[in-house]
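Peer 1: Below is the sequence, then the predicted model.
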Amino acid sequence: MEKRRFALIGTGNRGTTMWGKDLLAGWREHVDLTAIVEKNSLRGERARNMIGSNAPLYENIDSMLNEQKPDLVIVCTPDHTHDDIVVRALESGIDVITEKPMTTSVEKIRRILDAEKRTGRRVDVSFNYRYAPTAAKIKELLNAGEIGRVTSVDFHWYLNTKHGADYFRRWHAYTENSGSLFVHKATHHFDLLNWYLDSDPDAVTSFADLQNYGRKGLFRGPRCKLCPHAHECDYYLDLEADPFLDSLYEDPLKIDGYFRDGCVFREDIDIPDTMVVSLRYRNNVHVSYSLNTFQPIEGHHLAFNGTKGRIELRQYEAQPWEEPKEDTILLIRNFPNGKEAVERIVVPHFTGGHYGGDDRMRNMIFKPDTEDRLAQRAGTRAGAMSVLCGIAALESSRTGKVVNIADLMPELADDGSPNSLRASR
């Protein structure tokens, strides 16, 4: 079997682990890491050691493409840089896997879609939540019509004070880099909705505010390591206590000035930390969604309301009490007709990121002939639609207006798929 020769672009946490060390550990018979691109040479060297590779290091993508000519590039750089790298790779005749979000603006979406169409190459967007066993089971239930026609969805995501705060320490805290958490984080959730409902979003309205981080803080410092308020700050991060992060970021900051423990109360932070969204889909499903970033729990609540019943899930990813290592989906029927009125479907947690979702996604992409019976493999159209939801939500929160997806990208809304995201490209 011929291996796919891939280049890793960007060596932060996700690149070094998910698409570096872990990919080689589990899929070495299918892939060969031929190059690592990282503009910070010291971070690149340290990441290469963590990955356990002797692949050559490059500081820019052009030199790497000219010398290595890989079959595939995997993009793990900050969100706003994705489009340049994706387009450059496609125009060099190379397929791409990009971390989500695919990109951050309408113009950047157009660039990627146009390049993919012109070159005939493929872009995969790493929507790993689609592959989580619980998400897959819910999709099966919906496809089987267990609750009839879906009419509305309640979807609420909670980030705890460890995970949520981390976005405000890093480059994500600025809209120009991440598109806000409406794009960077919620792209996961909007894509799940689009995939679950097998339809395109039509109209979006939103409220959002900065209620805890940024200028809302009572004090602030230059960074956690140098902060005079470290002893009284609930969000203090001791970088030295995490050898992985310390190695990747502390010494390398001498090269690019980027520190990993930025103050979560920086006054120039311009993204909201509390968000609520209403979405209407083309198949007339109404959705209530929220994202909260400073909770004592981590996880989400999801419920589908249908003409014949309801599917409900409360998933805990982290909480200050002991929970079973499994999820329980409630299938509640309006008209049992000989079936159980309430069916409890237990889905065990599997090892690996996202309860096994990361492994299943890598199997789908790299193992030949893996069946995609649930249309989990996602491409540029899915990537675009999830980003457009986030862009629309941010715009609505700032203007107070309902934003129509078709007004943002008429050409994507009218591409012959009025109610379907089945085609992942």
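Peer 2: Arrived safely. Numbers count the residues shown, from 1 in each chain.
Peer 1: For the closest residue to Ile9 other than its chain neighbours, grab phi and psi.
Peer 2: Excluding the flanking residues, the one nearest Ile9 by Cβ to Cβ, 6 or more residues apart in numbering is Val37, at 4.6 Å. Any C-beta I mention is one placed from the backbone N, CA and C, and that applies to glycine too. Per-residue torsions, Val37: phi -110, psi 120 (degrees, to the nearest 10).
Peer 1: from what I can see Val37 touches Asp62, true?
Peer 2: No: in this structure, Val37 is not within contact of Asp62 by Cβ atoms under 8 Å, at 9.7 Å.
Peer 1: higher neighbour count, the two?
Peer 2: Val37 (27 against 11; other Cβ atoms under 10 Å).
Peer 1: Specify the beta-bridge partners of the more buried one.
Peer 2: Ile9, Tyr58 (DSSP bridges).
Peer 1: roughly how far apart are it and Met364?
Peer 2: 25 Å (Cβ to Cβ, to the nearest Å).
Peer 1: cool, Asn66 as well?
Peer 2: For Asn66 relative to Met364 (Cβ to Cβ), the value is 31 Å.
Peer 1: Those two: which has the busier surroundings?
Peer 2: Met364 (17 against 10).
Peer 1: got a pLDDT number for the more buried one?
Peer 2: With respect to pLDDT, Met364 has a value of 97.
Peer 1: Also the one 5 residues further on?
Peer 2: Reading off the per-residue confidence, Asp369 sits at a pLDDT of 89.
Peer 1: measure it to Val37 for me?
Peer 2: 31 Å.
Peer 1: How about Ile51?
Peer 2: 13 Å.
Peer 1: what do those two both touch?
Peer 2: Leu8 (Cβ atoms under 8 Å, 6 or more residues apart in numbering).
Peer 1: since we're on Val276, how many residues are nearby?
Peer 2: 17.
Peer 1: What backbone torsions are found at it?
Peer 2: phi -130, psi 140.
Peer 1: so what's the closest residue in space to it that isn't next to it in sequence bridging to?
Peer 2: Nearest residue to Val276, sequence neighbours excluded (Cβ to Cβ, 6+ apart): Ser290, at 4.6 Å. Ser290 forms beta bridges with His156, Val276, as assigned by DSSP bridges.
Peer 1: Does Ser290 touch Met275 like I think?
Peer 2: Yes: if you go by Cβ under 8 Å, Ser290 and Met275 touch, sitting 6.4 Å apart.
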